[in-house]
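Peer 1: Fold the following, please.
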Amino acid sequence: MNQSGFWWILIAGAVYGVIHSLTASMWLKNAAAERCGEPCSKYYRLFYVAISLITTPLYIGLVLLLPDARLYIIPQPWIFITGFIQVMALIGALLSFKGTGLFAFTGLDSLFTKKTLPIKNTLTTDGFYKYSRHPIYFFSLVFLWLFPLMSWNFLALAIGVTLYTLIGSRFEEHKLVGEFGQAYIDYRKVTPWIIPIKLK
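Peer 2: Model (predicted):
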């Protein structure tokens, strides 16, 4: 562990999480809208995605740039099984994006409209959302933890991403309750959090 960038990557993960949590917060979005009006409201999502596109490669790049030591590599024939599960998880994540709208999710829709349009979100409860409130997170974590080559640096990345995902999903759910009210509260009562297994 001491021969790798494990601790530096964990620290970077914490900084990354704070930056993304802050820029994703309604508080900062509303503050930006109050300061510069419609342009900030219209392009805020695009700004957030741009920040993500800059910081994510820097965070992940530390895994490759810092000294590292291998922990294990999944041997044959298990690597074919885990690889297949990873492919299925990737497909599941992509299918879970279906209801969000790619342009709206990335903020690119703001470049093709002249005025700020009211956001008309709908609560998605079908498809994979029947089994998990956050299927994209679930599939992403499955893909991440089944990576065939595990090193100290990648382990630090996996821990950081997992903690950020778990904590971030709680903040996201708080916003969803504010957006959808009782409908989301009722949905949350009958649908598992991330792992699609009901504990009761």
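Peer 1: CA only for contacts and neighbour counts going forward, please
Peer 2: Fine.
Peer 1: chain center to the host helix or strand of residue 31, what's the gap?
Peer 2: Using DSSP states H and E, residue 31 sits within helix 26-36. Put simply, helix 26-36 sits 22 Å off its chain's centre (Cα atoms, centre = their mean, to the nearest Å).
Peer 1: who does it touch, helix- and strand-wise?
Peer 2: helix 38-65 (3 or more Cα pairs under 8 Å, 6 or more residues apart in numbering; DSSP states H and E).
Peer 1: ok, residue 159 - contacts?
Peer 2: residue 10 (Cα atoms under 8 Å, 6 or more residues apart in numbering).
Peer 1: how about residue 77, phi and psi?
Peer 2: Dihedral pair for residue 77: phi -90, psi 0, per degrees, to the nearest 10.
Peer 1: next one: residue 71
Peer 2: phi -100, psi -50.
Peer 1: One more: the one 10 residues further on?
Peer 2: Its backbone dihedrals place residue 81 at phi -70, psi -50, with angles given as degrees, to the nearest 10.
Peer 1: how far does stretch 122-135 stretch from start to finish?
Peer 2: Terminal residues of stretch 122-135 are spaced 16 Å apart (Cα to Cα, to the nearest Å).
Peer 1: Any idea how many residues pack against residue 179?
Peer 2: Residues near residue 179, counting by other Cα atoms under 10 Å, number 14.
Peer 1: Next, the buried residues of stretch 73-91.
Peer 2: Along stretch 73-91, these residues count as buried under the neighbour rule (16 or more other Cα atoms under 10 Å): 79, 82, 83, 85, 86, 89, 90.
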